[in-house]
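1. need coordinates for the below:
(2 chains)
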Amino acid sequence: VLNVAATAAPTLAQAGAPAVQRALRGAGLHLDLGLVALRVHSDAAHLAQQLCSVYRHFPLHGANAWADVHVALQRARGLRRWWRPQVQFFCDGRIAFDPFPANAPLPLMEWSVNWHIGRRINDTLLLHAGVVERDGFALVMPAIPGSGKSTLTAALALSGWRLLSDEFGAFDLARQCFVPALKPVALKNESIAVIRGLGAAAELGPEFPNTRKGTVAHLAPPARAVAQVHVPAQAGAVVLPRFQAGSATELLPLEPTMAFTSLSFNAFNYAVLGAAAFEAVVGISHRCPAWQLIYSDLGDALNTLAGLWPGVVNKVRA
Amino acid sequence: VNDRLDSLAWLAALREPCSALAWSLPQWERVLRIARRLRLLGRLGESLAGAGLLESLPAPVVRHLRSEMQFSRWRTTSTCWALDRIAKVLADAEYPRVLLKGAAYMAQGLPNGAGRLPSDLDILVPQAHVLDAQHRLMAAGWSEGEVDEHDHRYYHEWSHEVPPMRHPVHTLELDLHHNILPPVAKVHVDAARLLAHAQPSPWPGWWVLQPQDQVLHSAAHLFQDSEARERVRDLVDLDTLLRHFGAEPTFWPALAARAAELGLTEPLALACHFLRAWLQTPMPADSARVIAASGPGPLRRAWLHPLWAALLMPGEPDMSPPWRQDAAAQLLLLRYHWNRMPLKLLLPHLWHKVRTARRSEDTPAALP
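-> Now for the predicted structure:
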């Protein structure tokens, strides 16, 4: 699979920041996230470098391909640029959010693109969940505040699981399976050092201090996840992670109703999709076993989930 | 077909959906972006779906049309539900409750009632009963947002509506009007005349303005508003109303007469000018002549038409708005304030606005 990617277009990292910069300033940089394709324009100084770091394995395509979301990150005009330069986010030529400091176009782009995907994609159920795949089946981790979902998703993506998404658990209603919505995993504060500690495979972008969510850094989606950005996964299991300092790793089986509430109450467009969303989440909750995972040791949690998986695959297949 | 469809030409597909079958993928990509920006994507989707053409379109296009229709239908359902609840709250009130704008189009089942993105509800009641309606709504859980003393006075003395109301269960904002234009504005309308001709709508408990008044309200709303930039959607609404109601032979002569009666000849003339030029809205020649002649004279037209054209014309999605549009917006904003209030009210009001620098819905929001 890796060879295919290498013989086609060069990746952003291979092409290098000047080539990415040319695309951003010219016809636009095309990024295929699976669920949607982006086209990005920019005259911001730091964006090319930052994209080369966290979208490093994405191919540098020609600009003619179809795009679902068109964004631009442009240096803010006005007098302020001389003493506190800023970068402004545009979607279809309209400003949607407050500007960010000029050296932080990436977090502005990531958050704003998420907002626009969540608003405009309503043919797919968008759960707020991390999704990784192993043996063809998806492990779904709904985002419950303080769950450490992104940390666990990032760690799984670096230890034998394929990353589908950290933000949007994108469930295709027609095909009844999860599709990748592949973006860099946004890590906050303490979890940055935790993931950096996992070794050289953890390809992290620059750190952005003092954002609304504290310090943020992004994990680049691994090459395999990018190569399989259009490969879906059947629903396998639902796990509600809960980081609890000092606790032993513990898996508590959950009733389907708990899986249902944690999935449906943490979704972007559940209400918009109505009955179709309800039926999809009921289906997932009935088909898939669910657990709460209490952990403090990340390595131990990863081993527990890896050990759990053959049983899940057998059960869901049957 | 040109590779860059004219930024207005695609609007023909709202009425003749078959014309969209000829568009290439790059043309579709641009149309989706412009239509989304103008809040017309849901309407485009509904038109194509109504003609049974969705299956014939490329998959990446269809998903966006279906997605937007899904979103629009959800908002529409929320609106209908809120209206159903409000109708119950006002059920035994002894005065008419008139739906304005989007909700009225929905209630009448007009083609522009489908595919909208309603975010507020506009209701008109007689001025003598505004307080009664407001008290009934408040008893049912609706409440005014945080309004300071100045704004309170602004709404109750100088405005044509009470402060917007919200409800913990409903997502929509409720705007309770006692008129369609501010009573202190240079051009103002006697609301009693509007109410005298209001008609029951198919929705129980709700009335709508008579057809001519719906058109005049829409035109006045567009051409006397503070922010009319790229408001092609309002022109499309007017086009739909005129094509629909204009089928009745008595409609057009009555429209011209009614505009003169209500003092709304200028907004109607401006609307008809742009509807004919941009949307090829059919209108009988004699009525069109009467309307144009009663509108702004040649000198006023010479500066009003280019200004409004610059303001209303949709921009290119990848470019910042042309300076013409910014300049036109500033000039027309000035004119708007000038016409809206006498100077002795306007200056203190603007001073208050500057001091509080309040954010409106359209200004950028902080990211979550």
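2. who are the neighbours in contact with the residue of the stretch 101-250 of chain A found nearest chain B?
-> Chain B sits closest to residue A:122 of the stretch 101-250 of chain A, with a gap of 4.0 Å, by Cβ to the nearest Cβ. From N, CA and C alone the C-beta is placed, and that goes for glycine too. Residues near residue A:122 by Cβ atoms under 8 Å, 6 or more residues apart in numbering or on different chains: A:269, A:272-273, B:66-68, B:70-71.
3. would you verify that residue A:217 is located in a helix?
-> No. Under DSSP: H, G, I helix; E, B strand; the rest coil, residue A:217 falls outside any helix and is assigned strand.
4. which element is the residue of the stretch 201-318 of chain A found nearest chain B on?
-> Across the stretch 201-318 of chain A, no residue is closer to chain B than residue A:272, which sits at 4.5 Å (Cβ to the nearest Cβ). Per DSSP states H and E, residue A:272 falls inside helix A:270-273.
5. by contact count, what packs against that helix?
-> Judged by 3 or more Cβ pairs under 8 Å, 6 or more residues apart in numbering or on different chains; DSSP states H and E, the packing partners of helix A:270-273 are strand A:124-134, helix A:275-287, helix B:59-89.
6. tell me the mean pLDDT over stretch A:79-97?
-> Mean per-residue pLDDT for stretch A:79-97: 86.
7. circling back: give me the pLDDT for the residue of the stretch 101-250 of chain A closest to chain B.
-> Looking at residue A:122, its pLDDT is 97.
8. now do residue B:17
-> pLDDT, read off for residue B:17, is 96.
9. only the buried residues of the helix holding residue A:272, if you could.
-> Residues A:270, A:272-273 are the ones in helix A:270-273 that count as buried (16 or more other Cβ atoms under 10 Å in any protein chain shown).
10. just stretch A:52-59 next, same as before
-> Here stretch A:52-59 shows A:52-59 as buried, counting by 16+ other Cβ under 10 Å.
11. from those, which two are the most distant?
-> A:53 and A:59 (15.8 Å; Cβ to Cβ).
12. where does the prediction get shaky in the chain?
-> I went with chain A, as the question did not name one. Across chain A, the ranges flagged by pLDDT under 70 are A:1-7, A:63, A:146.
13. wait, chain B was what I had in mind.
-> B:1-5, B:158, B:184, B:226, B:319-322, B:338-368.
14. all strands for it, in order.
-> Ranges of strands in chain B, per DSSP state E, are B:98-99, B:120-124, B:143-144, B:165-166, B:173-177, B:199-200, B:207-208.
15. reformat these as TSV; add distance to residue B:24.
-> Below are those laid out as TSV (distance: least, Cβ to Cβ, whole Å):
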stretch	distance to residue B:24
strand B:98-99	41
strand B:120-124	37
strand B:143-144	51
strand B:165-166	45
strand B:173-177	40
strand B:199-200	45
strand B:207-208	41
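16. so which of the ones you listed is the most packed in?
-> Burial of the strands of chain B is given as mean neighbour count (mean count of other Cβ atoms under 10 Å in any protein chain shown); strand B:98-99 ranks first at a mean of 24.
17. contact residues of the stretch 1-150 of chain B facing chain A?
-> B:25-26, B:29, B:33-34, B:36-37, B:60, B:63-64, B:66-68, B:70-71, B:74 (Cβ under 8 Å from any Cβ of the partner chain).
18. orientation of the helix ranked longest in chain A relative to strand A:124-134 in degrees?
-> Scanning chain A for the helix with the most residues, using DSSP state H, yields helix A:298-317. Relative orientation of helix A:298-317 versus strand A:124-134 (axes from the mean of the first three to the mean of the last three Cα atoms, to 10 degrees): 110 degrees.
19. pull out the buried residues from helix A:298-317.
-> In helix A:298-317, counting by 16+ other Cβ under 10 Å, buried: A:298, A:301-302, A:304-305, A:308-309, A:312-313, A:316.
20. do stretch A:236-244 as well
-> Within stretch A:236-244, the residues that count as buried by 16+ other Cβ under 10 Å are A:236-243.
21. quick check: residues of chain A near chain B?
-> A:41, A:64, A:66-68, A:70, A:72, A:92-99, A:108, A:111-112, A:115, A:119-123, A:212, A:271-274.
22. which of those fall in helices?
-> Using DSSP H, these in helices are A:108, A:111-112, A:115, A:119-120, A:271-273.
23. give me the most central residue, chain B.
-> residue B:234 (5.0 Å; Cα atoms, centre = their mean).
24. that one and residue B:223 touch, don't they?
-> No. In this structure residue B:234 lies outside contact range of residue B:223 using Cβ atoms under 8 Å: 9.0 Å.
25. ok, the buried residues of helix A:298-317 vs residue A:195, which is closest?
-> Using Cβ to Cβ, the buried residues of helix A:298-317 come closest to residue A:195 at residue A:298, 8.9 Å.
26. residues near the closest residue to the closest one other than its chain neighbours, how many?
-> Spatial nearest neighbour of residue A:298, excluding adjacent residues (Cβ to Cβ, 6 or more residues apart in numbering or on different chains): residue A:155 at 5.5 Å. Around residue A:155 there are 25 other residues, counting by other Cβ atoms under 10 Å in any protein chain shown.
27. need the contact list for residue A:155.
-> A:194-195, A:198, A:298, A:301-302.
28. where does it sit, in terms of helix or strand?
-> helix A:149-157.
29. so which elements touch the next helix or strand after that helix?
-> Downstream of helix A:149-157, the first helix or strand assigned by DSSP H and E is strand A:162-165. If contacts are counted by 3+ Cβ pairs under 8 Å, 6+ apart, strand A:162-165 sits against strand A:124-134, helix A:149-157, strand A:177-179, helix A:223-227.
30. just the CA trace of the second one, in CSV.
-> In other words, helix A:149-157. Provided in CSV are the C-alpha atoms of helix A:149-157 (Å, rounded to 0.1, in the frame of the first residue of the first chain):
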residue,chain,number,x,y,z
LYS,A,149,-10.3,10.3,24.0
SER,A,150,-7.7,12.1,21.8
THR,A,151,-4.7,10.8,23.8
LEU,A,152,-6.0,7.2,23.6
THR,A,153,-6.9,7.6,19.9
ALA,A,154,-3.4,8.9,19.1
ALA,A,155,-1.7,6.2,21.1
LEU,A,156,-3.8,3.5,19.4
ALA,A,157,-3.0,5.0,16.0
